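Asker: Please work out how this folds:
(one chain, ligands or ions: 2)
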Amino acid sequence: MTKKLYVENSIPAFSREAPFSNLLADLQTKGWSVQDDFFSADFIDALMDEVENIQNAYMLQAGVGRKQDHQIILDARRDYIQWIDPNKPIKKDFLKTMEELRVALNRRLFLGLFDYEAHFARYEAGAFYEKHIDAFKGESNRILSTVLYLNDNWQDGDGGELVVYDEIDPNIELGRFYPKKGRLAVFLSECFYHEVVVAKRTRHSIAGWFRVNNTTGMTLDPDQ
Ligand SMILES: O=C(O)CCC(=O)C(=O)O
Ligand SMILES: [Fe+2]
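Answerer: Numbering: from 1, shown residues only. Ligands and ions are numbered 1, 2, ... in the order given. From the prediction side, this is the model:
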């Protein structure tokens, strides 16, 4: 009989955390982090190639809420999405890095993250996502939100910034971030209101959520 390896612990702890150390330290102290050049330019170009080649007809008009609560409210958001399904090599590589990040987050911050779901997003000129929170306390299995930006040469005046608001007083702006190529924004899903201001040109990203498993005797999780 072959012995099963427990993969999560098969890489030495230090090498698993090192690439993420700034991000982990920020999360520990502030609950959010914005990291530039999280992936190499070539890697981002390959992801951008993927998303740019998806026609709008093959994307979904993004809605608000999940499953029965799902509604398309055009006053709230105007982006198109496509859920990532890990068939193409580049998507597999992206999900592999996010899996490594999940293990590091669990080890360092004891978040108990169980899986990760992610979608490509396209905001065309004029699109936005009004101020919102990704998860309501106790009502969601989304714990940590991530957004990876894919856009070359984002300039002053192109709009489309991510605005992050203070955890205690959501009227206070903590920061405004261009959706520039290779930048990764991460924040606790239940704690930080945020918005995407109107984009003046097409804006591409991958938004994702690390989740916990809330399976109980009554319901099956993840929600399919
Ligand atoms: O694209 C962004 O900067 C944020 C997107 C977002 O808030 C979301 O999809 O929930
Ligand atoms: Fe969000």
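
Asker: Enumerate the residues of this structure near ligand 1.
Answerer: Counting by C-beta under 6 Å from any ligand atom, the residues of the chain lying close to ligand 1 are A121, Y129, D134, V147, L162, H194, V196, S205, A207. Yep, even glycine has a C-beta here, placed from its N, CA and C like the rest.

Asker: which helices and strands does the host helix or strand of the first one pack with?
Answerer: Using DSSP states H and E, the secondary-structure element containing A121 is strand 115-123. The helices and strands touching strand 115-123, judged by 3 or more C-beta pairs under 8 Å, 6 or more residues apart in numbering; DSSP states H and E, are helix 41-52, strand 79-83, helix 89-109, strand 203-211.

Asker: buried set for stretch 81-97?
Answerer: Residues I81, Q82, I84, K91, F94, L95 are the ones in stretch 81-97 that count as buried (16 or more other C-beta atoms under 10 Å).

Asker: tell me the contacts of the second one?
Answerer: So the one you mean is Q82. Neighbour list for Q82: V51, I54, Y58, M59, L60, H119, F120 [criterion: C-beta atoms under 8 Å, 6 or more residues apart in numbering].

Asker: could I get these as JSON lines with neighbour count and pLDDT?
Answerer: Below are the contacts of Q82 laid out as JSON lines (neighbours: other C-beta atoms under 10 Å; pLDDT from 0 to 100):
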{"residue": "V51", "neighbour count": "19", "pLDDT": "94"}
{"residue": "I54", "neighbour count": "15", "pLDDT": "91"}
{"residue": "Y58", "neighbour count": "9", "pLDDT": "81"}
{"residue": "M59", "neighbour count": "18", "pLDDT": "89"}
{"residue": "L60", "neighbour count": "13", "pLDDT": "83"}
{"residue": "H119", "neighbour count": "20", "pLDDT": "95"}
{"residue": "F120", "neighbour count": "24", "pLDDT": "95"}
